Every structure is written in structure tokens, then in C-alpha cells.
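Engineer: Fold the following, please.
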Amino acid sequence: MVLRSETGEVEGVTLTKSICSIWDQVWNFQARPDDLLIATYAKAGTTWTQETVDMIQQNGDVEKCRRATIAKRHPFLDLPPAKAPVPHKSLSQTMPSPRTIKTHLPVQLVPPSFWKQNCKVIYVARNAKDNLVSYYHFHRMNKALPDPGTWEEFIEKFMTGKVLWGSWYDHVKGWWKAKDKHRILYLFYEDMKENPEQEIQKILKFLEKDVNQEVLNKIVHNTSFEIMKENPMANYTREFQAIMDHSISPFMRKGAVGDWKNHFTVAQNKKFDEDYKKKMADTSLVFRTEL
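Structural biologist: Numbering: from 1, shown residues only. Below you'll find the predicted structure:
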């Protein structure tokens, strides 16, 4: 039986106790100049972006992209070594450059070596309501996360930022601000859904890569939700079987924009919108909650 994580805090941000216990290792992680960091709030399109980047790096070669699961291809910076498929030590020492690394950390908790080395970062943000819905279902199926409680309770936790990796509001705003100082490509989940080709072009340009139309079409096709949902190297059915129960909710559930309408009551929506307005009053960031 897997015990659900207890939580702790690092600089006021909620993290699992296991991450807190190795925080020094995370903070002192040594980035290399050619590292690429994919950063997101949890359940904002992380795996999708990882697969897209890998397809670009492999020039659209589907077989190469299936060389290993996504968790092994792009190690998770935040995970303690025992849980990580590639522990921190081997991640920093044995993984050949260029590395692509994933994180859910808010910008202020990113190891300083990434900024010192002037690394490129791709950040993806998803509208709060859909992000919340996806995160709730992820907590239900992932036994390594804290118990989400009821839907009503989870909305409260999300609004107060008492969820893993902290406040969604602080996360998206912090990274939005940081993009003016660092090499950060800030993307939106909704744009990726609406016009995947256009957003992939942005990633190509950012990574200084060039592909022909045929390869681009291949990347668009193979990173579509329908294809990825069936891809065992991307859908998390190959690993963490003891932790993730896909029968409760698949890791790749809907990948839709606007699914929040199937979850929020009128009253919950009203309360959420009022709170959202206050929390987002100090930023130029604008999200779409439907397409």
C-alpha cells in the first residue's frame, strides 16, 4: 500500500516532505549552459510540452521518441532520488548534454545555477479553472500525492495556495515577470490546443531549430492528445504502477479547454471568479477559459 505524502514548506511553498528533506540537493543542482528546463504548474501541459520538445530534438523520429518513457527522457528536478527514475546524482553527473529537465517549481525556488548559466526555459501556463479540475483528478489517481478531499475542499485548497507547489496565482505571475529578465518562452495551454502548429513554430524558433513541413506535420500529429493518450512512453502506464491508479482517472484524462464547466457549480464559479479577480489584479496576464 502506498501512503499518501505528508507536506512541508520551503519558503512558504507547500511541497512533499520528501522534497523538503532533500531541498539542499535540489537548490544546489548544477545546471549546464545547454540545459533546457521545461517548467509548469502541475497539470498544465507538462508531458505534452516534453513530448513536443523531444519530437523536435529527434527531428520528428517517432521511434527515437519511444526509446524510453518520458520520465526517463526528461528527469524531474523536484523529485527525491528514491522516487525518481534518474536520481539527482546521476542526473547531474552521467546524463549527457544537452539535457532536458522538468520542474513544477515556482520561479523563486528554481536552483540559481539555471540563471547563472543563462539556460533556456519553456514555461507553459493553463487557465486556473481547467488546471484545478485536472489537478483534482490527478490527486485522486496518484496515491503519492496528499488526499484531495472533496471537490469543494480542493477548490478551497487551490484558492488559498495550500496545494503542492504552492499557489497557482503566484506561480503563473512569477514566471510571467521573470520572462523579462531571463531566456523564457512563455506559452499558453489554450493556444497550444487551438493552434498547435503555430505554438510548435514558436518552440522551434526558441530552440533555434528548423524542420521542414513534413516533419512539422509529423510533430503536430504525434503530440496530439489522442495519439499521446495511447502512447505508453508518454501516458505514464509503464511506470509508477503502484502509485497511479488509471482506473480512477487516467493520467491523460481529457486534455480539453473548458472542462471546468462540468465541475463548478454556479455558486462555486461566482466565488472563484471574485477571488481570482483580486489575486490577478496586479498582472497583465490574461487567460482564456474556453475556446
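Engineer: which stretches of the stretch 151-291 of the chain form helices?
Structural biologist: Listed in chain order, the helices of the stretch 151-291 of the chain (DSSP state H, counting those that start in this stretch) span residues 151-160, 168-178, 189-194, 196-206, 213-222, 225-229, 266-279.
Engineer: Including mean neighbour count, could the ones you listed go into JSON lines?
Structural biologist: For every residue, glycine as well, the C-beta is placed using N, CA and C. As requested, those are arranged in JSON lines below (neighbours: other CB atoms under 10 Å):
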{"stretch": "helix 151-160", "mean neighbour count": "16"}
{"stretch": "helix 168-178", "mean neighbour count": "21"}
{"stretch": "helix 189-194", "mean neighbour count": "20"}
{"stretch": "helix 196-206", "mean neighbour count": "16"}
{"stretch": "helix 213-222", "mean neighbour count": "16"}
{"stretch": "helix 225-229", "mean neighbour count": "15"}
{"stretch": "helix 266-279", "mean neighbour count": "13"}
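Engineer: Now tell me which of these the model trusts least on average.
Structural biologist: Lowest mean pLDDT within the helices of the stretch 151-291 of the chain: helix 225-229, a mean of 89.
Engineer: same for it, what does it pack against?
Structural biologist: When contacts are defined as 3 or more CB pairs under 8 Å, 6 or more residues apart in numbering; DSSP states H and E, helix 225-229 packs onto helix 46-57.
Engineer: Next, the angle from the helix it packs on to helix 196-206.
Structural biologist: Taking axes from the mean of the first three to the mean of the last three CA atoms, to 10 degrees, one finds that helix 46-57 is oriented at 60 degrees with respect to helix 196-206.
Engineer: Extract the C-alpha set from helix 46-57 and format it as PDB.
Structural biologist: Extracted in PDB, the C-alpha atoms of helix 46-57 (Å, rounded to 0.1, in the frame of the first residue of the first chain):
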ATOM      1  CA  THR A  46       3.900  19.400 -18.900                       C
ATOM      2  CA  THR A  47       4.000  16.000 -20.600                       C
ATOM      3  CA  TRP A  48       2.600  17.400 -23.800                       C
ATOM      4  CA  THR A  49       5.400  20.000 -23.900                       C
ATOM      5  CA  GLN A  50       8.000  17.500 -23.100                       C
ATOM      6  CA  GLU A  51       6.900  15.200 -25.900                       C
ATOM      7  CA  THR A  52       6.800  18.200 -28.300                       C
ATOM      8  CA  VAL A  53      10.300  19.200 -27.400                       C
ATOM      9  CA  ASP A  54      11.600  15.700 -27.700                       C
ATOM     10  CA  MET A  55      10.000  15.300 -31.100                       C
ATOM     11  CA  ILE A  56      11.700  18.500 -32.200                       C
ATOM     12  CA  GLN A  57      15.100  17.400 -30.800                       C
END
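Engineer: What ranges does this structure have for its strands?
Structural biologist: Taking DSSP state E, the strands of the chain run over residues 7-10, 13-16, 36-40, 100-103, 120-125, 184-188.
Engineer: do you know which of those lies nearest F264?
Structural biologist: Closest of these to F264 is strand 120-125, at 19.6 Å (criterion: CB to CB).
Engineer: where's the closest one relative to the chain centroid, distance-wise?
Structural biologist: When distances are taken as CA atoms, centre = their mean, to the nearest Å, strand 120-125 is centred 9 Å away from the chain's centroid.
Engineer: what sits up against that strand?
Structural biologist: For strand 120-125, contacts defined as CB atoms under 8 Å, 6 or more residues apart in numbering pick out 36-41, 44-46, 48-49, 53, 114, 172, 175-176, 179, 182-189, 192, 203, 206-207, 285, 287.
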